[in-house]
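Participant: turn this into a model:
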Amino acid sequence: RDKWFAVAFVSHLAFVTVASVTLGPKFWNDAVKELEDSKGDDYDGDVDNDESDSMYNPESESSTASDEDFSGPPKEFWFAVIAIAMAAAPALSFGALTLMSRNAIGLIKGSLWFSIILCGISAVLLLAVAPPAGFIYGIFTVCLIWYQRAVQSRIPYAASNLKCAITVLKTNLGLGLVVLGSMAGLLAYCLSWSFAIAGTMQLDIMKDTTSGSSNSGYGQTNYGSSGDPSSSSSDLSALGSVVGFLFLLCFYWTHQVFQNVTRATVSGVVGTWWFDPSEASSFCSAAVSSSLLRSTTYSLGSICFGSLIVAIIHMIRNSLRRAQNDRNGGGLLRCIAMCLLAYLERLVEYFNKWAYVYVGLYGYGYVDAGRKVIDLFKKRGWMTIIADNLVNRLLGIVSLTIGLLTGVCSLFAAFLVEEFESKQGWAGVGFVVGFFIGLILSGVFMGLLSSAVDAIIVCYAEAPKELEETHPAVAQEMATTWTEAWGSNMNGPVIVGLGGGPGIV
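Facilitator: Predicted coordinates:
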């Protein structure tokens, strides 16, 4: 499906790999050589001053000793912090899955109240500092209170979807390995991409030799303060600007592809569990491997197609953002265009996540998948379900909570390390390291749950009878909660949450 987009994506991966291997080492060697030369010059210029200072400064030894005191915590500190965080985050995540499966309704209600309280506190604090912003947050608080009252009847149905997704994830934990593998692959691509762009941009053909400013250190192009090779047009030729733009586009594109491959894989596993549960009932079940294989081969072109659209919009918006400081006029128009593009990007991403469900379930092409999603929800009148971000709100709060708890565990572990008493200033570092490790690892599980919930919503709209045959208890609960939420009224308004932050719908 959409094979030419897959060919383009694979070709770009091959180009980045070849460029990093052929041009990257030269850039690295030149950078290291330049750094060593600069250090040598600094040493030759300062050695005499250092000797004279040490002769006439009786406190040199004490200053050296004080420098050693700030050498950082011992190795045991880092081992304890990282080890505890790596152990605590998965344990807390599994505990959160169990807690959510047992009390999903109460937690969803609690997440709504958390958003209301957080938004209300923000409104009160901002009223004293920035009254207009406080007034806006006050309006958000009122809207959230109304929203909380309006969705009370929908919470049980959202909870049944969440519990179903947790069941799928617990029986197919190999999906976690898919996400970790995707993260490792993206990290490897980022490293290769960095060498490729640095090596390519140092070529003479990429520089504007007529500007007289092509020599900017390390024998390469000056990237400007933003780190963007296209942000310093005086140092780049026309070809260099185009190549720099394409490099950045490929970076955004690849990030989207890796993310959406995982989403399509999860959708495929949910579909297998829905229609043939015997194939999706173990850690690395056949559903996990076959869904991953389809997402990276047969459906790769469709995923690359949708990901490219988002990447292009993202690039245009970033270009407008860089040009926003231009004082030649049109600043207001650029600001309006950037705002519109931001919402357009969110809408396309929101549409894509449902299209990838169909790509993962049935292997449709990107355009056909999008048409199927729109037709299905219009025909069944289930557009209101798309508005229910109740589960995603809860998952975000749970992920943040796990990150904080992991940071606290790492902090306690740091204090148990011997000789740490003399390095109390590093306690905050231990907490921050644990927090980010917990946030990342818990985000893996919560992201899988979010994708599984989306797939379950589509599967229940497409094939509710099949669920009654394969999982009658789950089907009964979902049918009951659906009737309680909407009854026979299948129509309603469309409200799309564009990710504006906690408490904003």
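
Participant: what residues sit buried inside the host helix or strand of Val359?
Facilitator: Using DSSP states H and E, the element containing Val359 is helix 331-362. Across helix 331-362, burial judged by 16 or more other Cβ atoms under 10 Å covers 334, 337-338, 341-342, 345-346, 348-349, 351-361. Using the backbone N, CA and C atoms, a C-beta is placed for each residue, glycine as well.

Participant: likewise stretch 85-104?
Facilitator: Ala85, Met86, Ala88, Ala89, Pro90, Leu92, Ser93, Ala96, Leu97, Met100, Ser101, Ala104.

Participant: contacts for it, please.
Facilitator: 107, 158-160, 162-163, 166-167, 169-170, 394, 398, 401-402, 405-407, 409-410, 433-434, 437-438, 440-442, 444-446, 449 (Cβ atoms under 8 Å, 6 or more residues apart in numbering).

Participant: got a list of what the nearest residue to Leu203 once chain neighbours are set aside touches?
Facilitator: Using Cβ to Cβ, 6 or more residues apart in numbering and skipping residues adjacent in sequence, the residue nearest Leu203 is Leu23, 7.5 Å away. Contacts of Leu23 were listed using Cβ under 8 Å, 6+ apart, and they are Phe195, Ala196, Ala198, Gly199, Thr200, Gln202, Leu203.

Participant: try Ile82
Facilitator: Ser410, Val433, Ile437.

Participant: switch to 7 Å and redo it
Facilitator: Val433 (Cβ atoms under 7 Å, 6 or more residues apart in numbering).

Participant: show me where the stretch 101-250 of the chain has its helices.
Facilitator: 104-129, 131-150, 155-171, 174-201, 238-275 (DSSP state H, counting those that start in this stretch).

Participant: got it, and the stretch 301-450 of the chain?
Facilitator: Using DSSP H, counting those that start in this stretch, helices in the stretch 301-450 of the chain cover 331-362, 366-380, 383-387, 390-415, 427-462.

Participant: next one: the residue nearest to Leu203 from Gly199, what distance?
Facilitator: 3 Å (Cβ to Cβ, to the nearest Å).

Participant: do the same with Gly365
Facilitator: 36 Å.

Participant: what score does Phe15 have for pLDDT?
Facilitator: Here the pLDDT value assigned to Phe15 is 93.

Participant: right, I mislabeled it, should have said Lys379
Facilitator: Value for Lys379, per-residue pLDDT: 67.

Participant: how about stretch 190-197: buried residues?
Facilitator: Ser192, Trp193, Phe195, Ala196, Ile197.

Participant: go through those and name the one nearest Lys33.
Facilitator: Phe195 (16.3 Å; Cβ to Cβ).

Participant: right, and the closest one touches Val21 too?
Facilitator: No: with contacts counted by Cβ atoms under 7 Å, Phe195 stays clear of Val21, the gap being 8.1 Å.

Participant: okay, and for the stretch 301-450 of the chain, where does confidence drop off?
Facilitator: Applying pLDDT under 70 to the stretch 301-450 of the chain flags the ranges 323-331, 379-388, 417-425.

Participant: switch the cut-off to 90
Facilitator: Across the stretch 301-450 of the chain, the ranges flagged by pLDDT under 90 are 310-311, 313-355, 362-363, 367, 369-393, 409-434, 440-441, 443-445, 447, 450.

Participant: the most centrally placed residue in the chain and Lys372: what is the separation?
Facilitator: With distances taken as Cα atoms, centre = their mean, the residue of the chain nearest its centroid is Gln259 (8.0 Å). Distance, Gln259 to Lys372, by Cβ to Cβ: 21 Å.

Participant: over to Ile105?
Facilitator: 31 Å.

Participant: can you pick out the residue with more neighbours from these two?
Facilitator: Lys372 (20 against 15; other Cβ atoms under 10 Å).

Participant: residue contacts, that one?
Facilitator: Tyr358, Tyr364.

Participant: tell me the spacing between it and Val359.
Facilitator: Distance from Lys372 to Val359, by Cβ to Cβ: 10 Å.

Participant: repeat that for Leu246.
Facilitator: For Leu246, the distance to Val359 - Cβ to Cβ - is 26 Å.

Participant: same question for Val129.
Facilitator: Taken as Cβ to Cβ, the span from Val129 to Val359 is 47 Å.

Participant: burial of Val129, as a residue count?
Facilitator: Neighbours of Val129 using other Cβ under 10 Å come to 8.

Participant: now do it against Phe135, distance only.
Facilitator: Val129 sits 12 Å away from Phe135, going by Cβ to Cβ.

Participant: over to Thr167?
Facilitator: For Thr167 relative to Phe135 (Cβ to Cβ), the value is 44 Å.

Participant: contact partners for Trp482?
Facilitator: Tyr157 are the contacts of Trp482 under Cβ under 7 Å, 6+ apart.

Participant: so, low pLDDT: which residues of the stretch 151-300 of the chain?
Facilitator: Using pLDDT under 90, the stretch 151-300 of the chain drops low at 151-158, 170-171, 173-174, 176-177, 179-180, 183, 195, 198-245, 276-286.

Participant: go with 50
Facilitator: 211-234 (pLDDT under 50).

Participant: still on that earlier bit, got the angle between the helix holding Val359 and helix 427-462?
Facilitator: Here helix 331-362 runs at an angle of 60 degrees relative to helix 427-462 (axes from the mean of the first three to the mean of the last three Cα atoms, to 10 degrees).

Participant: need the residues that contact stretch 120-134.
Facilitator: Under Cβ under 7 Å, 6+ apart, the answer for stretch 120-134 is Tyr137, Gly138, Thr141.

Participant: what mean pLDDT does that stretch get?
Facilitator: Mean pLDDT, computed over stretch 120-134, is 89.

Participant: Thr483 is in contact with Tyr157, correct?
Facilitator: No: if you go by Cβ under 7 Å, Tyr157 and Thr483 don't touch, sitting 9.1 Å apart.

Participant: pick out whichever of these two has more residues nearby.
Facilitator: Tyr157 (25 against 11).

Participant: apart from its chain neighbours, what residue comes closest to the more buried one?
Facilitator: Using Cβ to Cβ, 6+ apart, the nearest residue to Tyr157 is Thr481, at 4.1 Å.

Participant: what do you get for Phe247?
Facilitator: The nearest residue in space to Phe247 (Cβ to Cβ, 6+ apart) is Ile197, at 4.7 Å.

Participant: ok, so of the buried residues of stretch 190-197, who is nearest Arg322?
Facilitator: Ile197 (17.1 Å).

Participant: does that closest one touch Leu246 like I think?
Facilitator: No: using Cβ under 7 Å as the test, Ile197 is too far from Leu246 to be in contact (9.9 Å).

Participant: among the buried residues of stretch 85-104, which lie within helices?
Facilitator: Among the buried residues of stretch 85-104, the ones falling in helices (DSSP state H) are Ala85, Met86, Ala88, Ala89, Pro90, Leu92, Ser93, Ala96, Leu97, Met100, Ser101, Ala104.

Participant: ok, for Gly447, nearest residue in space, not its chain neighbours?
Facilitator: Among residues not flanking Gly447 along the chain, Val179 sits closest, at 6.9 Å (Cβ to Cβ, 6+ apart).

Participant: so who does the one you found touch?
Facilitator: Thr262, Val444, Gly447, Leu448.

Participant: contacting residues around the first one?
Facilitator: What it means is Thr262. Val178, Val179, Ser182 are the contacts of Thr262 under Cβ under 7 Å, 6+ apart.

Participant: what's the burial count for the last one?
Facilitator: As a burial measure, the neighbour count of Ser182 was computed by other Cβ under 10 Å and equals 18.

Participant: need the contact list for it.
Facilitator: Taking Cβ under 7 Å, 6+ apart as the criterion, Ser182 is in contact with Phe258, Val261, Thr262.
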